[in-house]
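>>> Sequence first, predicted coordinates after that:
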Amino acid sequence: MIVAAVDLGTNTTRLLVGEVEEGRVEELHRETRITRLGEGVDTRHRLLPVPIARVRNVLSDYRRTAESLGAKRTLLVATSAVRDAENGEAFLGEIEWSYGFVTQLLSGDEEAQLTRRGVGEIGPATLLVDIGGGSTELVLDGFNTSLPMGSGRFTERYGDDAEVSIAAARALLPELEPQDAVGVAATITSLAALDLGLGEYDRERVHGHVLTREGARAQLERLAALPLEARLQVPALDPKRAPVIVAGAAILVAILDAYGLGAIRVSERDLLDGAALAAAELPEPEEGAAPPGAYTCC
């Protein structure tokens, strides 16, 4: 079955269209756009009109892409920004009515578990790290948690002060004893691309790369030392991610330091892949009345 999955994140809106067979996703199309839906949510606790408009424009394109590739189901999962916004659920109702997507507002635990499903099998005592725009999920064996720290949230709070972000992240981390780590999402994959010295981003080379703690610290120090104008020109770094990459890198360094991890293995498979697997399990779509909150979110 061909399905589409959309990850409505704090900083990005992502699409995966793939064919799901026997519990595996064969990718047909993957796309990421930086929409900054979580802009201002940390202080105002609402999704604001301009970020909502950015997301709606992207979702219109994504719906056309999914339909053109023959997707039979589309599942949109929403994470930290929508969880934290007073009008978040109303916005999801509007999305369902406007675009025909099934939507799911993930709790922190659900986000962590769906990410683990997307990554696939990982070894015992291996910490799964997902640094998003508004939250960071940690999964270790039977334990998982979602922490209120992310590249966008910490940038709004602490700017480019890497050491302050590191200290703030350390204060939120639970006591764990992992022996290994796997990292997903764009902060970690971007740092891996920089560590590899790529001239442009290459998913195949990034996937499976082992980013050492020293390498992560070196990239953090390099990026923090650059003014934003210079960061915008860094090869293999999406210019729209440049404003938040220092805070995201600081969170990763804090995690590696806190748990004494010498390195983290990078995975390009993540929450979006888990959402695609979940999309294949959705029932046949039905026409119905407008969901509660449609057209009333803002």
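Right, received. Where do you want to start?
>>> Next secondary structure element downstream of the longest helix anywhere in the chain?
Longest helix in the chain, counting residues (DSSP state H): helix 49-68. Downstream of helix 49-68, the first helix or strand assigned by DSSP states H and E is strand 73-78.
>>> Tabulate the CA atom coordinates of the longest helix of the chain in PDB.
In PDB, the C-alpha atoms belonging to helix 49-68 read as follows (Å, rounded to 0.1, in the frame of the first residue of the first chain):
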ATOM      1  CA  PRO A  49      -1.300  33.400  12.100                       C
ATOM      2  CA  VAL A  50       1.900  33.800  10.100                       C
ATOM      3  CA  PRO A  51       3.400  30.400  11.000                       C
ATOM      4  CA  ILE A  52       0.000  28.800  10.400                       C
ATOM      5  CA  ALA A  53      -0.200  30.300   6.900                       C
ATOM      6  CA  ARG A  54       3.300  29.000   6.200                       C
ATOM      7  CA  VAL A  55       2.200  25.500   7.200                       C
ATOM      8  CA  ARG A  56      -1.000  25.600   5.200                       C
ATOM      9  CA  ASN A  57       0.900  26.600   2.000                       C
ATOM     10  CA  VAL A  58       3.200  23.600   2.500                       C
ATOM     11  CA  LEU A  59       0.400  21.200   3.300                       C
ATOM     12  CA  SER A  60      -1.400  22.200   0.000                       C
ATOM     13  CA  ASP A  61       1.700  21.200  -1.900                       C
ATOM     14  CA  TYR A  62       2.100  18.000   0.100                       C
ATOM     15  CA  ARG A  63      -1.400  16.900  -0.600                       C
ATOM     16  CA  ARG A  64      -0.900  17.300  -4.400                       C
ATOM     17  CA  THR A  65       2.400  15.400  -4.200                       C
ATOM     18  CA  ALA A  66       0.800  12.500  -2.200                       C
ATOM     19  CA  GLU A  67      -2.100  12.300  -4.500                       C
ATOM     20  CA  SER A  68       0.100  12.300  -7.600                       C
END
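>>> ok, and what's touching it?
4, 6, 8, 13, 15, 17, 29, 31, 33, 35-40, 74, 76, 91, 95, 98-101, 297-298 (CB atoms under 8 Å, 6 or more residues apart in numbering). Placement of C-beta: from N, CA and C, glycine included.
>>> same question, stretch 32-41
8-15, 46-48, 50-52, 54-55, 58, 80-82, 84-85, 133-134, 152-153, 156, 186, 238, 240-241.
>>> Of these, which belong to helices?
50-52, 54-55, 58, 80-82, 84, 152-153, 156, 186.
>>> picking up where we left off before, can you give me the buried ones in the longest helix of the chain?
Within helix 49-68, the residues scored as buried using 16 or more other CB atoms under 10 Å are 51, 52, 54, 55, 56, 58, 59, 62, 63, 65, 66.
>>> Let me know the closest of those to residue 164.
Nearest to residue 164 among those, counting by CB to CB, is residue 51 at 25.3 Å.
>>> Quickly list the domain ranges of this structure.
Segmentation of the chain into domains, based on automatic domain parsing, reads 2-108+273-279, 121-268.
>>> could you give the mean pLDDT of the longest helix of the chain?
The average pLDDT for helix 49-68 rounds to 98.
>>> Next, the angle from it to strand 73-78.
If you take axes from the mean of the first three to the mean of the last three CA atoms, to 10 degrees, helix 49-68 sits at 160 degrees to strand 73-78.
>>> Strands along the stretch 101-250 of the chain, start to end?
Assigned by DSSP state E, counting those that start in this stretch, the stretch 101-250 of the chain shows strands spanning 102-105, 126-131, 136-140, 143-147, 180-184, 210-212.
>>> And these: which comes nearest residue 194?
Among the strands of the stretch 101-250 of the chain, strand 210-212 comes nearest to residue 194, with 9.4 Å by CB to CB.
>>> what is the rounded mean pLDDT of that closest one?
98.
>>> Name every strand pairing with it and say which way it goes.
Sheet pairing for strand 210-212, assigned by DSSP bridges, gives strand 263-266 (antiparallel).
>>> Check whether residue 23 really touches residue 277, as I assumed.
Yes. Under the criterion of CB atoms under 8 Å, residue 23 makes contact with residue 277 at 6.8 Å.
>>> more neighbours, those two?
Neighbours per residue, other CB atoms under 10 Å: of residue 23 and residue 277, the larger number sits with residue 277, 19 against 9.
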